[in-house]
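S.K.: Sequence isn't available, so here's the structure alone:
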């Protein structure tokens, strides 16, 4: 597929550390995907070595185990290749994690809660951009992250992610409806 | 599957499409439930998506008064925020799914009445948002050069109701924006962004031409309250504060906060981060070169009246009263009896949208919403005496008031759909006679009888393709079609 090939080209360019301006507006559809991909790459501060390792990991089909827990307490454990985001992994496995902006850090709908603080601490700190989006997430917790920004790496094997429970009251004046 | 950006997206598209298709093959027998959703913005589409998922025998029709779907995603989100519009891809998949149909160019209240819809559908969900504005109610408000931010946004986004608004951006160097929410920041940013950057977005061509000739160099954002109460969010604030060649002016004295403010900030992550951004901007050293544009944040000022310019019919200045915040209770901004003026030639009021009532619909004029209980419309809403209108629901701004982001509608729709599902289960929505309502067939017959040509989703796709094609020639993601006539023509209606 063309997009696949385009992404591989982008991958090679990323290794030569091409600078990307976050605020540049996309000029074309493919430009938008390319920019988003580049943004994800630069945001994770990949060194050339790390990119090589991730690439090799993929080729060796190294995967980690990730468990999603929905608001009803139902669990689903899936296998996620290194380098894939939790949002992509969820969609590939039919897990109902919303992704309105499709991973471009323009929404908070892929919000997940890292259930074990030890795993949370293994993640790189969120960028300002991710924090700005987390501000708007419903049911935000101390260990909340955006699913599109949590990328599978070996240390996260066994991570458990809860889908948040929305408890917002939407009445304009704060009126709480009486139960029937 | 590789992890590169593009590959998973295509895979997900296939997966989603396959899922939707397989669900569509369930038989629609006598248990069929017909739903009509009025308004095709995020509230309407999220409601449609959740209804389709929750009930295998549901058929959903989404109507919109415009020929184009997506509501504010198309006509509200700023041109330089293309990522926020990506959600339209998800909505398109819903519209194209087996049990869903889009009907554009159908205005509830003029072309078709609420009672006609309720006669034809088991369930009607109103999610037509807020297409009007709160007004200040102060002298001079009808002078030329004063617009609501909504109108200005519709204008630069190519909305067919505002394409010939023609705001004069050439007779003044100063614009005043009343309000400090994200819409206020949007309009400020569009006025101040270098045109070379705007030229690569989907901004309408008439707005681009106008901004190219604009003489506006100073923009004032005027807020009644203080920086601890600013309604904007961090992402948008960070973006505007970081714009190149833009000189930011914030008075240090406005950043002094009271103990009540400090308490509030501790509890509210968003407000705290916004306040920190404003503080940092106020304390940054800056030596502006002469040619720089200016953005002023003015706090604790409320508009008292608009003063005319020399010609007597255009605005010449905003007369502001200084305010202070009550320390307790609702912490309202109270006037201090001291006044000052800002000379300007353009005023944009960004003080909130307002929904419009329609015949036969209970409406709370004070709050500007349809009275409801978790999305169920109430025909009377005195507390303790609520009476529910069966089969009639609301979602989105019409339900909650004009606040929140795209994603807010996700949870709002969930709540409304949960109410609908409960009512379906309780058997509250089957007609007394037992005969099912005509649904889509009824609507089609009604439209034929009235000789109304609607725009199906495929009609929108023709408009979409045309916009993208012309856009490509001009190095823009799309060139919007901006008149009613051209939209209907392009949709081949």
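M.R.: Alright, I've got the coordinates. Remember, it's a predicted structure, so these values are computed and weren't measured experimentally.

S.K.: residue contacts, the residue nearest to the spatial centre of chain B?
M.R.: With distances taken as Cα atoms, centre = their mean, the residue of chain B nearest its centroid is residue B:72 (4.3 Å). By Cβ atoms under 8 Å, 6 or more residues apart in numbering or on different chains, the contact set of residue B:72 is B:41, B:42, B:129. For every residue, glycine as well, the C-beta is placed using N, CA and C.

S.K.: Select from those the one having the most neighbours.
M.R.: With neighbours set by other Cβ atoms under 10 Å in any protein chain shown, the maximum within those is found at residue B:42, which has 32 neighbours.

S.K.: residue boundaries of the helices in chain A?
M.R.: A:2-15, A:29-43, A:48-59, A:86-92, A:117-122, A:128-134 (DSSP state H).

S.K.: got TSV for the contacts of residue B:72, with secondary structure too?
M.R.: Putting the contacts of residue B:72 into TSV (DSSP: H, G, I helix; E, B strand; the rest coil) gives the following:
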residue	secondary structure
B:41	coil
B:42	helix
B:129	coil
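
S.K.: Tell me which stretches of the stretch 251-400 of chain B form strands.
M.R.: For the stretch 251-400 of chain B, applying DSSP state E, counting those that start in this stretch gives strands covering B:293-298, B:301-308, B:315-325, B:333-343, B:346-349, B:353-354, B:372-373, B:376-380, B:387-394.

S.K.: which strands and helices sit next to the second one?
M.R.: Here strand B:301-308 touches strand B:315-325, strand B:333-343, going by 3 or more Cβ pairs under 8 Å, 6 or more residues apart in numbering or on different chains; DSSP states H and E.

S.K.: Partner strands of it and their direction?
M.R.: strand B:315-325 (antiparallel) (DSSP bridges).

S.K.: List the buried residues for the strand it pairs with?
M.R.: Neighbour-count burial for strand B:315-325 flags B:315, B:316, B:317, B:318, B:319, B:320, B:321, B:323, B:325 (criterion: 16 or more other Cβ atoms under 10 Å in any protein chain shown).

S.K.: ok, now stretch B:163-173?
M.R.: Per 16+ other Cβ under 10 Å, stretch B:163-173 contains these buried residues: B:163, B:165, B:167, B:169, B:172.

S.K.: Go through these and name the one nearest residue B:368.
M.R.: Residue B:368 has its nearest neighbour among the buried residues of stretch B:163-173 in residue B:165, at 23.1 Å by Cβ to Cβ.

S.K.: which residues touch that closest one?
M.R.: By Cβ under 8 Å, 6+ apart, the residues touching residue B:165 are B:147, B:151, B:152, B:154, B:155.

S.K.: which of these sit farthest apart?
M.R.: B:147 and B:154 (9.8 Å).

S.K.: can you put the helices and strands packed on strand B:301-308 in a markdown table and add distance to residue B:279 and mean pLDDT?
M.R.: Listed next are those as a markdown table, based on distance: least, Cβ to Cβ, whole Å; pLDDT from 0 to 100:
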| stretch | distance to residue B:279 | mean pLDDT |
| --- | --- | --- |
| strand B:315-325 | 18 | 97 |
| strand B:333-343 | 20 | 96 |
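
S.K.: lowest confidence element among the helices and strands of the chain?
M.R.: No chain was given, so I picked chain A. When each helix and strand of chain A is scored by mean pLDDT, DSSP states H and E, helix A:2-15 comes last, with a mean of 45.

S.K.: any low-confidence regions in the chain?
M.R.: In the absence of a named chain, this looks at chain A. Where chain A drops to pLDDT under 70, the residues are A:1-61, A:166-180.

S.K.: my question was about chain B
M.R.: Ranges of chain B meeting pLDDT under 70: B:1-30, B:285-291, B:381-383, B:431-434.

S.K.: ok, 80 please
M.R.: B:1-31, B:284-291, B:380-386, B:430-435, B:493 (pLDDT under 80).
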